[in-house]
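Asks: Only the shape, not the letters, is given here:
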């Protein structure tokens, strides 16, 4: 009887002292569904022209040069790993967040910043709001835009936030 009472008291005390402010979560291991696309029709025509000229150059035995460098992907200040660290630090999910996957599409615009985020999938409205708020932070908005043949283009990617 005493042993059951001691175990019950220890259980109650343990639950009282581990009161969390935020839900536990983790990020997907990488960026997914990455795509580059021109921000307007004029840039799309320029990119097509560069592509055609680069292909002709290669067919004649030429090699790629800086101008022919087809794709440069968007880069976060100090790298994508740092983006993941900053995102992790800035997300403050409510402690009653529902377990599951929250998926976000991020579009990096041609002006070296996040142009748009879309929460594609969310476990509950409070988690969605917390994720949107995290992406409003200045720390997550230090990007170098993507380029195709030196022309700034948009890049999109998706990342998942899993609530334990």
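Replies: Alright, I've got the coordinates. Since we're looking at a predicted model, the values are computed, not measured.
Asks: for the nearest residue to residue 76 once chain neighbours are set aside, helix, strand, or coil?
Replies: In this structure, residue 76 finds its nearest non-sequential neighbour in residue 83, 3.8 Å apart by C-beta to C-beta, 6 or more residues apart in numbering. From N, CA and C alone the C-beta is placed, and that goes for glycine too. Secondary structure state of residue 83, per DSSP: H, G, I helix; E, B strand; the rest coil, is helix.
Asks: Residue 83 and residue 158: what is the separation?
Replies: Look at residue 83 and residue 158: by C-beta to C-beta, to the nearest Å, they are 13 Å apart.
Asks: okay, these two: which has more neighbours?
Replies: More crowded of residue 83 and residue 158, by other C-beta atoms under 10 Å: residue 83, with 22 against 17.
Asks: What residues sit buried inside the lengthiest helix in the chain?
Replies: In the chain, assigned by DSSP state H, the helix with the most residues is helix 41-59. For helix 41-59, a neighbour-count test (16 or more other C-beta atoms under 10 Å) marks 43, 46-47, 50, 54 as buried.
Asks: try stretch 119-136
Replies: For stretch 119-136, by 16+ other C-beta under 10 Å, it's 119, 122-124, 126-128, 130-131, 134-135.
Asks: same deal with stretch 103-120?
Replies: 103-110, 114-115, 117, 119.
Asks: about what we covered before: just give me the least confident of the buried residues of helix 41-59.
Replies: Ranked by pLDDT, the buried residues of helix 41-59 bottom out at residue 54, which scores 73.
Asks: Correct me if wrong: that one contacts residue 70.
Replies: Yes. Shown here, residue 54 and residue 70 form a contact pair, counting by C-beta atoms under 8 Å, at 7.1 Å.
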